[in-house]
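Novice: From the sequence below, what's the structure:
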Amino acid sequence: MSTQEKPTTSLATRQRVPFEKEVLKFLLKHEASIVNPVVRDFVRRYAKWLYDCASQDVTIVPGGGITLVRWTSNEGSSYGFNPANVDYCLQKLNRLFFTVMGNAYIRQTQQESPENLPLLNTQLSLELLKGLSPSLGFFVLVTYLDTDASGQDKSWVNRSCDLFGEFRDLETWRPAKDIETSSSVLRVLASMQAPDDPYYNTVFPQDIRAPEPRNYTRGQIPDTPYLGHHRNQYGTSLEGQGYHQGFQQGYIQGHRAGFEQCVNETNRRFSKVVFIIEWERKRLVNFLRSLRQTLDILNDDPLMVEDEVQVATQDGKPTNGYQDK
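Specialist: Sure, this is the predicted structure:
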């Protein structure tokens, strides 16, 4: 933004900053002029996509329902999002960027004492992360993290959402194995392939269910369906007795074989959960890494657009990321 475009927004009382509250749109507008590759990468990969999502329209159906805008990921997951929800999340994300950049700008120019600055909220909320998840492709994983995740997994997401904390375990973390039988994950994977559902995958049928208990319990054997010639005036014939014995054995073996077949087939279905979660884990980690690195850089130097605005520091030199004229 040029110095002639007088900004109208303020971070604190009587304190103006040289960028608008919708910082991400400003950065997107000047994306080609962003001199820092990390900030430029975030704008190109995420800001542009989110604004594209927010600008689309949904089809409204009778009763107030909508047909979500959809996209399909590489592993075959179909994600649906409401552009209005994406726009709402973008406002919150812009607020986060504006506060970080505004604080950094005021610190650099020393126009106000640090104790009077608005406090930085360094923790990205799980609510915002979940709101962004359908459009960014990690809806199943964040649903799990927001509901019945293990203590270790919840601890990881808390550390990862600490935007200025350590990057510990960001790349190496894998969710606990019980994610495959998580009730929240199963409900998502069992979703109908409906136009208003935020997630579905054609790999999973709608009647998907968790594996049966590993401790096999045989059901009650029904009465033997004797035929007429299996009985005579003396009772059950020898043929009938053999038929009864065969029916009993066949039911016992067949019931057990059917149980094992059901468990094996269900397990094969659920083995695909790991495949889907791994794709989502990569997308989530990539987003968190890019967001954290971008905010960390902007917290040191909020003015990233070359030749737009220069602010002199105490020694008279322009801030990083700008060319001297």
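Novice: How about the contacts made by Arg281?
Specialist: Arg281 makes contacts with Phe138, Leu141, Trp173, Arg174, Pro175, as judged by C-beta atoms under 8 Å, 6 or more residues apart in numbering. Where C-beta positions appear, they are placed from N, C-alpha and C, glycine not excepted.
Novice: Show me what the helix or strand in which the second one is found is packed up against.
Specialist: With elements delineated by DSSP states H and E, Leu141 resides in helix 139-146, which encompasses its position. Using 3 or more C-beta pairs under 8 Å, 6 or more residues apart in numbering; DSSP states H and E, the elements in contact with helix 139-146 are helix 126-136, helix 151-160, helix 183-189, helix 238-300.
Novice: just the angle between the longest one and helix 139-146, please?
Specialist: Spelled out, it's helix 238-300. 80 degrees (axes from the mean of the first three to the mean of the last three C-alpha atoms, to 10 degrees).
Novice: Ok, the first one next?
Specialist: Inter-element angle recorded for helix 126-136 and helix 139-146: 170 degrees (by the same axes, to 10 degrees).
Novice: Show me what helix 126-136 is in contact with.
Specialist: Residues contacting helix 126-136 (C-beta under 8 Å, 6+ apart): 46, 49-50, 53, 68, 79-81, 85-86, 88-89, 92-93, 139, 141-143, 145-146, 157, 161, 198-199, 283-284, 287.
Novice: Run through the strands of the stretch 51-200 of the chain in chain order.
Specialist: 59-61, 65-67, 69-72, 77-81, 199-201 (DSSP state E, counting those that start in this stretch).
Novice: Let me know the average pLDDT across the helix holding Leu141.
Specialist: The pLDDT scores in helix 139-146 average 96.
Novice: Just want the most central residue of this protein.
Specialist: Nearest residue to the geometric centre of the chain (C-alpha atoms, centre = their mean): Phe138, 2.8 Å.
Novice: list the contacts for it?
Specialist: Glu280, Arg281, Arg283, Leu284, Phe287 are the contacts of Phe138 under C-beta under 8 Å, 6+ apart.
Novice: Appreciated, that's everything.
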